[in-house]
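S.K.: Structure of the sequence below:
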Amino acid sequence: MASQRLSWAEKGDYSIKPNTRDMATKSVCFLIALTVITSSCSSEGDVEEIPPKTGMINVSGGQIWYRMSGIGKTGTPLIILHGGPGAAHNYLLNLDTLSEHRPVIFYDQLGSGLSDRPSDTMLWNTDRFVDELHTLVTSLKIDQFHLLGQSWGAYLAASYSLKYDNRIKSIVFSAPLLSATRWIEDQRFWISQLPAATRDTIEKYEALGEYGAESYQQAMDLFYRRHLCRLDPWPDLLMQTFDNMGAEVYNYMWGPSEFTVTGTLKEADLSEQLPQIDVPVLFTCGEFDEATPAAINHFAGLMKNAELQIFENASHMHHLEDPEKYLGLVREFLQKHD
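M.R.: Presented below is the predicted three-dimensional model:
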């Protein structure tokens, strides 16, 4: 079971088969339909809800898929950046409830989800993903907006802010990756807390470079159930993201697992540049998050206008593990800085 769930982390054929893409599309369509059916009136009065809009946008290297809900709402738009690199938007779809006050835009970064999947590795770099986000913003004619970046999405949000800060009202860094060096150190600490046999398995197969070995996959599964998502079973939205994962992007930029970094982001670090970001920032992380409370507290301390919230008994997916508290916190933060 673990090897099936985590097979996106193994080397091999990363293309989505036609039936998988059809299933992903149907799942998203179902969620869109459910949103429309359960919405009766706007929070701003008895105004008929406008159904979410989906489409494709031309970017360098291909086309990206996007979804916008909350059309016509007066709050400042929120753009949501998924993690990975190479994860799809699905696991963040519970944030769509924030569209009661504002437009909320989800999109799949090139190489993942419902977006195009070119094979050119020259496309997989931070600068191109920053430009991709800017193309989305300009194509949708959004003047000002909030950003919410989860995991790698936080690195992308920070990088975008450092280049295009005049459009952003606030940023939510959710379980953020901001320094690969610090991330690696933190994962090694979490690994040190695993049972001895599990630690030995990880060390053995990493030394051999055999990341697809069943024993390694089982060790990875235990780590993930402690630090990626502590819910049992894992939510459907998270499983949809695994099904739609852009594994080629993940392996090239990151590596074979969350705690083994061999890709181009291995030395990525924005720590020294964080003080340059002067918009209001909200940091969130789980008590057992891969993005550890100690690391997030450090990053928040580098910034001029930052808040921090740690979610007890939660992990990297604390937005799914404690959704009521998470959504309430983000909603209040966005409204304060509209």
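S.K.: give the contact list for residue 134.
M.R.: The contact partners of residue 134, by CB atoms under 8 Å, 6 or more residues apart in numbering, come to 160, 163, 164. Heads up, the C-betas are built off the backbone N, CA and C, glycines and all.
S.K.: residue ranges of the helices in this structure, please?
M.R.: With DSSP state H, the ranges of helices along the chain come out as 2-5, 18-38, 126-139, 152-163, 180-192, 196-208, 214-227, 236-243, 247-253, 293-301, 318-321, 323-336.
S.K.: want to throw those into TSV with distance to residue 76 and mean pLDDT?
M.R.: Conversion of the helices of the chain to TSV gives the following (distance: least, CB to CB, whole Å; pLDDT from 0 to 100):
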stretch	distance to residue 76	mean pLDDT
helix 2-5	37	32
helix 18-38	20	39
helix 126-139	13	98
helix 152-163	15	98
helix 180-192	30	97
helix 196-208	44	96
helix 214-227	33	97
helix 236-243	25	98
helix 247-253	30	97
helix 293-301	22	98
helix 318-321	20	98
helix 323-336	7	98
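S.K.: Looking at the ones you listed, spot the one closest to residue 276.
M.R.: Across the helices of the chain, the minimum distance to residue 276, taken as CB to CB, is reached by helix 152-163, at 6.1 Å.
S.K.: Quick check: buried residues in that closest one?
M.R.: 152, 153, 154, 155, 156, 157, 158, 159, 160, 161 (16 or more other CB atoms under 10 Å).
S.K.: Reformat those as JSON lines; add distance to residue 142.
M.R.: Formatted as JSON lines, those follow (distance: CB to CB, whole Å):
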{"residue": "152", "distance to residue 142": "22"}
{"residue": "153", "distance to residue 142": "17"}
{"residue": "154", "distance to residue 142": "20"}
{"residue": "155", "distance to residue 142": "21"}
{"residue": "156", "distance to residue 142": "16"}
{"residue": "157", "distance to residue 142": "15"}
{"residue": "158", "distance to residue 142": "19"}
{"residue": "159", "distance to residue 142": "18"}
{"residue": "160", "distance to residue 142": "13"}
{"residue": "161", "distance to residue 142": "15"}
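S.K.: Among those, which one lies nearest to residue 289?
M.R.: Using CB to CB, residue 154 comes nearest to residue 289 of the buried residues of helix 152-163, at 12.0 Å.
S.K.: Let me know the distance separating the residue lying closest to that closest one once chain neighbours are set aside from residue 268.
M.R.: Distance criterion CB to CB, 6 or more residues apart in numbering; nearest residue to residue 154, sequence neighbours excluded, is residue 176 at 3.2 Å. Going from residue 176 to residue 268 by CB to CB, to the nearest Å gives 12 Å.
S.K.: shared neighbours of these two, which are they?
M.R.: What both residue 176 and residue 268 touch, as defined by CB under 8 Å, 6+ apart, is the set residue 155.
S.K.: which one of those two has more residues nearby?
M.R.: residue 176 (30 against 20; other CB atoms under 10 Å).
S.K.: which residues touch the more buried one?
M.R.: Contacts of residue 176 (CB under 8 Å, 6+ apart): 149, 150, 151, 154, 155, 158, 283, 285, 291, 296, 299.
S.K.: and it, backbone torsions?
M.R.: phi -80, psi 140 (degrees, to the nearest 10).
S.K.: Pick out whichever of the contacts of residue 134 sits closest to residue 138.
M.R.: For the contacts of residue 134, the nearest to residue 138 is residue 164 (10.0 Å; CB to CB).
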